[in-house]
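S.K.: okay, sequence plus prediction incoming.
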Amino acid sequence: MKLEQISSWDVFNNIKLQVSDEAKSWLLEKGPITKRIKSVKKFRLELIQDKVANVEKVDKTFINSKSRKIRVREVVLFGNTKPMVFARTIIPNTTIEKGFAELGTLGESPLGDILFKKDIFIKENVAYASFRYEKKIFWGRKTKYTVKDLPFSVMEVFLVK
């Protein structure tokens with residue numbers, strides 16, 4: 001899935017007037033996105049990649065990591081047969097090794113299955129940006145979490161209008 005980021009990451013107050021009510025409801029969702037999709041549609045997760053890969057400096061800065069080995073996991077969450085969310089998780093290997101090993105073995109399981117069931121994850125920062133996909137504009141959020149003071153981030157682009 002080739003998304004093009006078209007705005008800088010920003011705080012919600014600076015973008016809220018540009019966002020539809022439907023997109024706002026997704027951007028401000030407090031619980032697991034998978035649970036929200038499952039409540040109204042048949043859920044399916046498609047794993048795009050889950051491997052150690054190069055990460056842009058802006059992503060390393062967001063999680064305040066200088067780690068050279070960072071795991072990148074990309075998935076698409078479907079409701080029925082429609083792609084609803086593109087998600088990209090960036091996890092330094094140190095976070096997996098010393099923070100929470102299950103982050104490195106998710107496979108085709110949704111991250112939300114552990115992120116909201118364990119009380120060891122701390123949400124630290126959220127930023128928002130717009131993206132272009134197939135000539136349409138969508139909104140996404142990027143959230144920094146820590147586990148045992150070790151960082152990782154989850155970016156979600158909501159493919160809803």
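M.R.: Arrived safely.

S.K.: so where do the strands sit in the chain?
M.R.: 4-5, 43-52, 70-79, 82-92, 121-133, 136-147, 150-158 (DSSP state E).

S.K.: for the longest one, enumerate the helices and strands it packs against.
M.R.: Under the contact definition 3 or more Cβ pairs under 8 Å, 6 or more residues apart in numbering; DSSP states H and E, strand 121-133 sits against strand 4-5, helix 12-15, strand 136-147, strand 150-158. Quick note: C-beta positions are derived from backbone N, CA and C, even for glycine.

S.K.: so which of the strands of the chain gets nearest residue 108?
M.R.: Nearest of the strands of the chain to residue 108, taken as Cβ to Cβ: strand 43-52 at 5.1 Å.

S.K.: what does that closest one rub up against?
M.R.: 1, 34, 37, 69-79, 93, 106-110 (Cβ atoms under 8 Å, 6 or more residues apart in numbering).

S.K.: likewise stretch 140-156?
M.R.: Against stretch 140-156 from outside (Cβ under 8 Å, 6+ apart): 9, 27, 33, 59, 62-65, 85-92, 94-95, 98-100, 103, 111, 115, 120-131, 157-158.

S.K.: picking that back up, would you mind finding the most buried of the helices and strands packed on strand 121-133?
M.R.: strand 150-158 (a mean of 23; mean count of other Cβ atoms under 10 Å).

S.K.: pLDDT score assigned to residue 125?
M.R.: Note for residue 125: predicted pLDDT of 95.

S.K.: contact partners for residue 1?
M.R.: Here residue 1 is in contact with 48, 74, 76, 83, 86, 133 (Cβ under 8 Å, 6+ apart).

S.K.: ok, and the most crowded of the residues you listed?
M.R.: Neighbour counts for the contacts of residue 1 peak at residue 86, which has 23 neighbours (criterion: other Cβ atoms under 10 Å).

S.K.: residues of the helix or strand bottoming out on mean pLDDT in the chain that come out buried?
M.R.: When each helix and strand of the chain is scored by mean pLDDT, DSSP states H and E, helix 112-115 comes last, with a mean of 90. Of all the residues in helix 112-115, those buried under the rule 16 or more other Cβ atoms under 10 Å are 112, 114, 115.
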